[in-house]
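**Q** have a look at this prediction, sequence included:
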Amino acid sequence: MQTTLTPGTLAPAPAENRTTGTRAPGVPAPGTPAPSGSTPSPSLPGTFPAAAEHAPAADRDRGLAGAVVAEVTSAGFARHFVPRRHGGAEGGFEALLTGVTALGEACTSAAWLGMLWAAHGRFAALLPEEGQRDLWGGSPDVRISAALMPPAGLAEPAEDGWRVTGTWGCVSGVECADWLLVAAPEAGGDNRRVRVFALPAGAAEVTDTWDATGLRGTGSHTAAVHDVFVPHHRTFDRATLLHGSDTPGLARCHTAPAQLVGGLLFCAPALGAARRALEVWSGWAASKAPHGRPPYDSAAVRETLAVASAHIDAAGLLLHRAARRADSDPVTADLVAVNQRDAAVAAGLLADAVDRMFRTGGAHLREGGGTLARLWRDVHTAASHGVLRLEPVAAAYASAVLGEGTAARASAVSRSR
């Protein structure tokens, strides 16, 4: 069942804007619990009125309004992968894909952050138990920003922990985060191990550097820390995150390797944005022109409708199939390769779909500050993410399925559900 949320359903205690030292109105304070009576759910809401209302402002102001941060937090994205023993949902990948896509139809930047808050909660579940209690002891609705690829800075061993110094770029949502996860190499040696460290967000100095073409509302600024102490219980080996944990008793969402699910999750906001773009473009195509004939009288417009809508549908089918596999199928090199393939191809289909609509839309539909132009920029920015680039993904897929020179194996992998 879909739930409609209203803005401001969380306690209105503001969160500090770390680039200015002020607090944005309406942003929940760190650890603010979800509304009274809420329980972890494997599903996420399907409508986001505050995000939709503030989407143009998010693009203009390069950040989310407090009401939107509250709405996305209240919806359960941050707690989606948090272990149940800490009050989280321990949810699945397909449920998250559905929720992020719906949020992406309202605001692509909000969807990007909601997706990341969920994903980073999944990563934080790899911390030792004491570290997890530090994060979620008060509430599972904790917003976590992260900078894990590439690693930066240096981690120096210290008594009972580490001292971390470094600067990380593109830290999405850092201004409204409660905690940060950063990746830094251990000091000493040529083959230095990279570790993930959990830091209170207030320990970082944030520099306003995000002024991208699309996803402008994500506030993906630069964060720096200097000689910050991190105890042993708030760090883990990054290799566990990349390749998956084999610790007995963990939920599937906490053992799946990042490479298995990263592409499909990063593509989910673009799927929502493309669906919204199709809705906006279709409204124009069905409208009456001054001479009384609608734009869809044009063969080019009809062709755009057919191809763009099919591409968006196909992308959704690819992503949902990948999410179902991530939720249940045994993890193998083949499975990782085909999921990466499907996500990258889906991103290409979505970019092509919005390109077609943008080219055939009327002049007013293509205005720089218009909805279609914003969605076009968002889809292309999301599709340009490194995990969605087709060339390296295609190379990995070919290596996985053709490495033994058997075309039959490639066919079998493609037929997997």
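**A** Arrived safely, thanks for sending.
**Q** where does pLDDT dip in the stretch 301-417 of the chain?
**A** 362-368, 404-417 (pLDDT under 70).
**Q** can you give me the strands for this protein?
**A** Applying DSSP state E to the chain gives strands spanning 15-17, 22-24, 144-147, 154-158, 161-171, 179-185, 194-200, 205-207, 221-231, 235-237.
**Q** any chance you could map the helices in the stretch 51-200 of the chain?
**A** Along the stretch 51-200 of the chain, counting by DSSP state H, counting those that start in this stretch, helices occupy 66-75, 93-106, 108-124, 129-136.
**Q** tell me which other helices or strands the first one touches.
**A** Translated: helix 66-75. helix 49-61, helix 93-106, helix 108-124 (3 or more CB pairs under 8 Å, 6 or more residues apart in numbering; DSSP states H and E). Any C-beta I mention is one placed from the backbone N, CA and C, and that applies to glycine too.
**Q** L278 is nearest to which of those?
**A** L278 lies closest, by CB to CB, to one member of the helices and strands packed on helix 66-75: helix 93-106, at 10.0 Å.
**Q** between the closest one and helix 108-124, how big is the angle?
**A** Per axes from the mean of the first three to the mean of the last three CA atoms, to 10 degrees, the angle that helix 93-106 makes with helix 108-124 is 160 degrees.
**Q** now do helix 93-106, average pLDDT.
**A** The pLDDT scores in helix 93-106 average 97.
**Q** from the contact counts, what lies against it?
**A** Helices and strands touching helix 93-106, by 3+ CB pairs under 8 Å, 6+ apart, are helix 49-61, helix 66-75, helix 108-124, helix 258-286, helix 299-328.
**Q** ok, 10 Å please
**A** For helix 93-106, the elements it packs on are helix 49-61, helix 66-75, helix 108-124, helix 252-255, helix 258-286, helix 299-328, helix 371-383, judged by 3 or more CB pairs under 10 Å, 6 or more residues apart in numbering; DSSP states H and E.
**Q** got the angle between it and helix 49-61?
**A** 60 degrees.
**Q** ok and helix 93-106 relative to helix 258-286, angle-wise?
**A** Going by the same axes, to 10 degrees, helix 93-106 makes 40 degrees with helix 258-286.
**Q** number of residues surrounding V82?
**A** By other CB atoms under 10 Å, 30 other residues sit near V82.
**Q** how near is the closest residue to it other than its chain neighbours to A110?
**A** Of all residues not flanking V82 in the chain, G88 sits nearest, at 2.4 Å (CB to CB, 6 or more residues apart in numbering). In this view, G88 and A110 are 20 Å apart by CB to CB, to the nearest Å.
**Q** more neighbours, the two?
**A** A110 (32 against 27).
**Q** was I right to think that one contacts A65?
**A** Yes. Judged on CB atoms under 10 Å, A110 makes contact with A65 at a distance of 9.5 Å.
**Q** what sits in contact with each of these two?
**A** A50, A51, H54, A55, A58, E71, G217 (CB atoms under 10 Å, 6 or more residues apart in numbering).
**Q** who touches the fifth one in this structure?
**A** A58 makes contacts with 51, 64-65, 68, 107-110, 113, 215-219, 374, as judged by CB under 10 Å, 6+ apart.
**Q** let's see 6 Å
**A** L64, C107, S109, G217 (CB atoms under 6 Å, 6 or more residues apart in numbering).
**Q** out of these, who has the most neighbours?
**A** Counting by other CB under 10 Å, top hit in the contacts of A58: C107 with 34 neighbours.
**Q** hmm, that one is touching A55, no?
**A** Yes. With contact defined as CB atoms under 6 Å, C107 reaches A55; the gap is 3.9 Å.
**Q** so what touches stretch 378-397?
**A** So stretch 378-397 is contacted by 108, 213-215, 262-263, 266, 269-270, 273-274, 337, 340-341, 344, 347, 350-351, 354 (CB under 6 Å, 6+ apart).
**Q** cool, and stretch 113-125?
**A** 72, 77-78, 80-83, 96, 100, 103, 135, 143-144, 146, 172-173, 181, 218, 241, 253-254, 265, 268.
**Q** most packed of the helices and strands packed on helix 66-75?
**A** Ranked by average neighbour count under the criterion mean count of other CB atoms under 10 Å, the helices and strands packed on helix 66-75 are headed by helix 108-124 at a mean of 29.
**Q** and the angle for that helix with strand 194-200?
**A** Using the same axes, to 10 degrees: helix 108-124 against strand 194-200 is 110 degrees.
**Q** tabulate the helices and strands packed on helix 66-75 (CSV), appending distance to P185.
**A** Output for those, formatted as CSV (distance: least, CB to CB, whole Å):
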stretch, distance to P185
helix 49-61, 35
helix 93-106, 30
helix 108-124, 18
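**Q** what separates stretch 123-132 from the chain centre, distance-wise?
**A** How far stretch 123-132 lies from its chain's middle: 20 Å, per CA atoms, centre = their mean, to the nearest Å.
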